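Enquirer: quick one, structure for this:
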Amino acid sequence: MNVMNATPSSAQQSGPFALYEERVADGKLRRDPDQERVARRLDRLWQELKNYHPAPPRPAEEKKGFLAKVARKLPHRVSELLGQGDENADIDVPRGVYIVGRVGRGKTMLMDLFFSCVSMQKKQRIHFLTFMQEVHQRIRALKDANPGMSDPIPPLAQTIARDATLLCFDEFQINDIADAMILGRLFEALFAEKVVIVATSNTVPGDLFQNRPGADAFKPFIAIIKRHLDTEELDSETDYRRGREQDDTTWTVPADQTAKTRLDKIVARYGEGHPGGKVTLEFSGRTLPVDHAQGPVARFDFTSLCGRPLGPNDFLAIAHKFPVVVIDDIPALGPDDANVARRFITLVDALYDNGNLLFVSADATPDHLFPAGEGSDAFARTASRLMEMSSESWLARAHAPGGVLSRP
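Expert: A predicted model of the protein is given here:
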């Protein structure tokens, strides 16, 4: 999976709360009581994980023999003597943390502080959108490799657990019925394998996937989340993404000839030295034509991206292939454009998580792009992300060593 694993040794020694206090003292952060409370909760989990070393899950085939079947019916101590007991049965599993709050309140920042402090090697930090796409790919691969397999969830959970005792998910959200049906059983299996989960979300557990077809079938998953994770709310009045220095060349309003000329110059600058033309992306057994590509730059008309049924895999492929994405003619969206807005949200999530540069011409600013319609409330998160992606600090990060423009 596409994950972040590096951990500075100094962070491992300090702990998330100490790092938070250090950033406040240095003036990098402004003290926020809610952030401080969540930092303390994550610090407690950091301490608990220091001595948390569950045995790795055994492959499912090792548990299918006659002896295993007999042992499962015997008292635990007898099973242990037969070598068939659960090595982790008596391990006290730390409770995970589900950090929820409005956009820009510091959820991701706090989770990343925590992740940087955890010294265990088997840890993964991943955007939830990317995680779910890889889950679907792994399920397909398991079924293709094992045509008679009736249930790929247990072996999938064991594989994930062997790679990660700690899973950190950014932007936990459920928008797809197929995801909703998989998640309950997958997470139950992951918790059975003693995996610890930390997640950030804009939605409290009880509201996940509600008021949608199939919501009742999703309620057991909500109960699983509440049973294994503590919910910590960030309710600050301040959106810390706002107020950053803005570079008005990234989001140009209106989408007129002046905007087109400006985007032409951006494509020429970032694509300098590369021939321009059409390319075709190939991924997950499918293809996606890109009408204009020039080295690290891809340019699209908005309708060609979000006006047709492209999905998360398509947008992730674009994000990973092209560090710079240019979009012409984003219209103001109304109540009848909910599906288009939903695709645009997914596109922005993919670009944001990958650190891409985004330059657009539009008929409205991010805050006024989709003011009313199904999902317009959720669009506030996208507007906030777009504001951050327009800041000079975002541009600087993309150009810095390790940034999206310096990746091989």
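Enquirer: might you report the residue contacts of the residue lying closest to Gly373 once chain neighbours are set aside?
Expert: Leaving aside its sequence neighbours, Gly373 sits nearest to Pro335 (Cβ to Cβ, 6 or more residues apart in numbering; 3.8 Å). For the C-beta atoms, the positions are set from N, CA and C on the backbone; glycine is no exception. Neighbouring residues of Pro335 by Cβ atoms under 8 Å, 6 or more residues apart in numbering: Ala372, Gly373, Glu374.
Enquirer: ok, now which ones touch the first one?
Expert: With Cβ under 8 Å, 6+ apart as the criterion, the residues that contact Ala372 are Gly334, Pro335.
Enquirer: distance of the residue lying closest to Phe322 once chain neighbours are set aside from Lys321?
Expert: Leaving aside its sequence neighbours, Phe322 sits nearest to Ala298 (Cβ to Cβ, 6+ apart; 3.9 Å). Per Cβ to Cβ, to the nearest Å, Ala298 is found 7 Å from Lys321.
Enquirer: more neighbours, the two?
Expert: Ala298 (25 against 16; other Cβ atoms under 10 Å).
Enquirer: just the element for the more buried one, please.
Expert: strand 297-301 (DSSP states H and E).
Enquirer: pLDDT of whichever strand or helix holds Arg140, averaged?
Expert: According to DSSP H and E, Arg140 maps onto helix 128-145. Helix 128-145 carries an average pLDDT of 88.
Enquirer: quick one: contacts of that helix?
Expert: 1-2, 149, 152-153, 155-156, 159, 169-173, 176, 178-179, 182, 186, 199, 284, 312-313, 316, 346, 349-350, 353.
Enquirer: among those, name the buried ones.
Expert: Neighbour counting by 16 or more other Cβ atoms under 10 Å classes 152-153, 155-156, 169-173, 176, 179, 182, 186, 199, 312-313, 316, 346, 349-350, 353 among those as buried.
Enquirer: low-scoring pLDDT stretches of this structure, where are they?
Expert: 1-12, 59-90, 175, 240-248 (pLDDT under 70).
Enquirer: contacting residues around the residue nearest the centre of it?
Expert: Centroid check for the chain by Cα atoms, centre = their mean gives His127 as the closest residue, at 1.4 Å. Going by Cβ under 8 Å, 6+ apart, His127 touches Phe169, Asp170, Glu171, Asp349, Asp353.
Enquirer: what's the closest non-adjacent residue to it?
Expert: Closest to His127 by Cβ to Cβ, 6+ apart is Asp353, at 4.0 Å.
Enquirer: secondary structure element holding the one you found?
Expert: Asp353 is part of helix 338-354 when elements are defined by DSSP H and E.
Enquirer: correct me, but Arg299 touches Asp328?
Expert: Yes - Arg299 lies in contact with Asp328 (Cβ atoms under 8 Å); the separation is 7.1 Å.
Enquirer: need the residues touching each of those two.
Expert: Residues touching both Arg299 and Asp328 by Cβ under 8 Å, 6+ apart: Leu263.
Enquirer: returning to what we had before: quick check, nearest of the contacts of Pro335 to Arg385?
Expert: Gly373 (18.7 Å; Cβ to Cβ).
Enquirer: distance of the closest one from Arg342?
Expert: 10 Å.
Enquirer: cool, and Gln257?
Expert: Noted for Gln257: a distance of 30 Å to Arg342, by Cβ to Cβ.
Enquirer: who's more crowded, these two?
Expert: A direct count of neighbours by other Cβ under 10 Å for Gln257 and Arg342 places Arg342 higher, at 18 against 9.
Enquirer: setting aside sequence neighbours, what's the nearest residue to that one?
Expert: Of all residues not flanking Arg342 in the chain, Gly375 sits nearest, at 5.8 Å (Cβ to Cβ, 6+ apart).
Enquirer: isn't there a strand covering that neighbour?
Expert: No - Gly375 is assigned coil when assessed by DSSP: H, G, I helix; E, B strand; the rest coil, not a strand.
Enquirer: take the contacts of Pro335 and write them to CSV, including distance to Met109.
Expert: Below are those laid out as CSV (distance: Cβ to Cβ, whole Å):
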residue, distance to Met109
Ala372, 31
Gly373, 30
Glu374, 30
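Enquirer: closest one of these to Gly307?
Expert: Gly373 (15.6 Å).
Enquirer: around that closest one, how many other residues sit close by?
Expert: 18.
Enquirer: ok, now which ones touch it?
Expert: Counted by Cβ under 8 Å, 6+ apart, Gly373 has contacts Leu333, Gly334, Pro335, Asp336, Asp337, Ala338, Ala341.
Enquirer: so how far is Val253 from it?
Expert: 20 Å.
Enquirer: equivalent analysis for Leu113, please.
Expert: 35 Å.
Enquirer: looking at those two, which is more packed in?
Expert: A count of neighbours by other Cβ under 10 Å puts Leu113 above the other of Leu113 and Val253, at 27 against 18.
Enquirer: residues contacting the more buried one?
Expert: Neighbours of Leu113 in contact, by Cβ under 8 Å, 6+ apart: Ala11, Pro16, Leu19, Tyr20, Ala39, Leu42.
Enquirer: let's have those in a markdown table, adding neighbour count.
Expert: Formatted as a markdown table, these follow (neighbours: other Cβ atoms under 10 Å):
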| residue | neighbour count |
| --- | --- |
| Ala11 | 20 |
| Pro16 | 27 |
| Leu19 | 22 |
| Tyr20 | 27 |
| Ala39 | 26 |
| Leu42 | 25 |
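Enquirer: just the ones of the residues you listed in helices?
Expert: Among the contacts of Leu113, the members found in helices (DSSP state H) are Ala11, Pro16, Leu19, Tyr20, Ala39, Leu42.
Enquirer: apart from its neighbours in sequence, what residue is nearest the fourth one?
Expert: Read it as Tyr20. That would be Ala39: by Cβ to Cβ, 6+ apart, it lies 4.2 Å from Tyr20.
Enquirer: measure the one you found to Pro94 for me?
Expert: In terms of Cβ to Cβ, Ala39 sits 17 Å off from Pro94.
Enquirer: what do you get for Gln173?
Expert: 24 Å.
Enquirer: great, nothing more from me.
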